[in-house]
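[1] what would the 3D arrangement of this be:
(one chain, ligands or ions: 1)
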Amino acid sequence: MNHNIAIDGPAGAGKSTIAKRIAEKLGYIYVDTGAMYRALGLHLLRSGIAADDTEAIIRASEDADITLSFEKGEQIVLLNGENVNGLIRTEEVGNMASACSVHAKVREKMVRRQQEMARTRDVVMDGRDICSVVLPDASVKVFLTASVAVRAKRRFDELTAKGIACDLSEIEADIRERDHRDMTREVTPLKQAPDATLVDSSDMAIDEVVDAIIGLR
Ligand code: DC
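    Now for the predicted structure:
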């Protein structure tokens with residue numbers, strides 16, 4: 001049987017950094033499910049569809065073929081065959097991803113794809129519904145979080161390091177809004193699964209978090 005590690009948590013909790021390191025250490029594949037919702041967000045923005053136009057979102061999601069492939073351990077997100085890795089990390093795309101992910105029809109298709117990926121190989125998968133819906137039988141289940149202030153500061157430092165001008169209080173407001181939407185949506189809202197271990201990384205170094213999660217195996 002293959003081994004899977006499921007990590008859920010809010011935006012900016014450090015899921016992708018942590019999951020990537022764990023995957024490297026254990027020789028697993030890292031699957032970033034948020035990238036799939038982001039690819040759909042990009043598709044919607046390109047199509048000029050508004051975040052509140054449910055019908056158009058569902059129609060557009062039907063003709064967006066979103067798949068992940070892996071090259072030398074790196075995840076490549078394909079939107080109708082186009083590599084969109086370099087286009088999906090903006091706040092605009094992230095917010096659209098959050099908005100379109102509230103729809104059950106959108107989620108069903110994504111979840112199926114994600115489950116197929118984990119069936120045949122060992123994966124570390126992160127997202128919002130991995131412990132509860134996508135991989136309820138994962139060998140390790142973690143809810144990774146950190147305070148809003150810490151998450152905002154991390155995002156601010158990340159953007160500043162890339163030379164992108166930004167405002168800490170705007171980032172904080174954005175995170176609060178995204179948390180609210182992800183946690184209050186009707187379909188599989190973000191919450192800690194009853195059997196997931198809570199890891200609060202607010203005062204932890206990256207390696208400490210990685211070791212704590214690996215130690216749960
Ligand atoms: O993890 P992220 O910031 O890249 O995710 C972008 C959005 O996608 C997030 O705000 C909510 C949605 N998402 C989701 O609903 N379910 C997942 N498994 C992953 C992401």
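[2] number of nearby residues for Asp129?
    Residues lying near Asp129 (other CB atoms under 10 Å) number 24. Every C-beta, even on glycine, is put in place using the N, C-alpha and C of the backbone.
[3] what's around the closest residue to it other than its chain neighbours, how many residues?
    Counting by CB to CB, 6 or more residues apart in numbering, the nearest residue to Asp129 once its immediate chain neighbours are dropped is Thr188, at 4.4 Å. Counted by other CB under 10 Å, the residues lying close to Thr188 total 17.
[4] pretty sure Thr188 sits against Arg107.
    Yes: using CB atoms under 8 Å, Thr188 is in contact with Arg107, at 6.7 Å.
[5] any common contacting residues for these two?
    Asp129 (CB atoms under 8 Å, 6 or more residues apart in numbering).
[6] ok so, going back, name the element the residue nearest to Asp129 belongs to?
    For Thr188, there is no host helix or strand (DSSP states H and E).
[7] and it, how far is that from Thr54?
    Using CB to CB, to the nearest Å, Thr188 is found at 17 Å from Thr54.
[8] how about the nearest residue to Thr67, chain neighbours excluded?
    Leaving aside its chain neighbours, Thr67 sits nearest to Leu78 (4.9 Å; criterion: CB to CB, 6+ apart).
[9] tell me the spacing between that neighbour and the ligand.
    Separation of Leu78 from the ligand (CB to the nearest ligand atom, to the nearest Å): 16 Å.
[10] show me the contacts for the residue positioned nearest the centre of the chain.
    With distances taken as CA atoms, centre = their mean, Gly34 lies nearest the centre of the chain, 3.0 Å away. Counting by CB under 8 Å, 6+ apart, Gly34 makes contact with Ser16, Ala97, Asp126, Gly127, Arg128.
[11] that's a helix at the second one, yeah?
    The one in question is Ala97. Yes: assessed with DSSP: H, G, I helix; E, B strand; the rest coil, Ala97 lies in a helix.
[12] my guess is it contacts Leu45, does it?
    No: judged on CB under 8 Å, Ala97 makes no contact with Leu45 at a distance of 9.9 Å.
[13] okay, these two: which has more neighbours?
    Ranked by neighbour count (other CB under 10 Å), Ala97 and Leu45 place Ala97 first, with 23 against 17.
[14] OK, contacts around that one?
    Ala97 sits next to Gly34, Tyr37, Arg38, Leu40, Gly41, Ile88 when contact means CB under 8 Å, 6+ apart.
[15] distance of the residue nearest to Asp129 relative to Val77?
    From Thr188 across to Val77, the span is 21 Å (CB to CB).
[16] and for Ile29?
    For Ile29, the distance to Val77 equals 14 Å [CB to CB].
[17] of these two, which one has the most company?
    Val77 (21 against 18).
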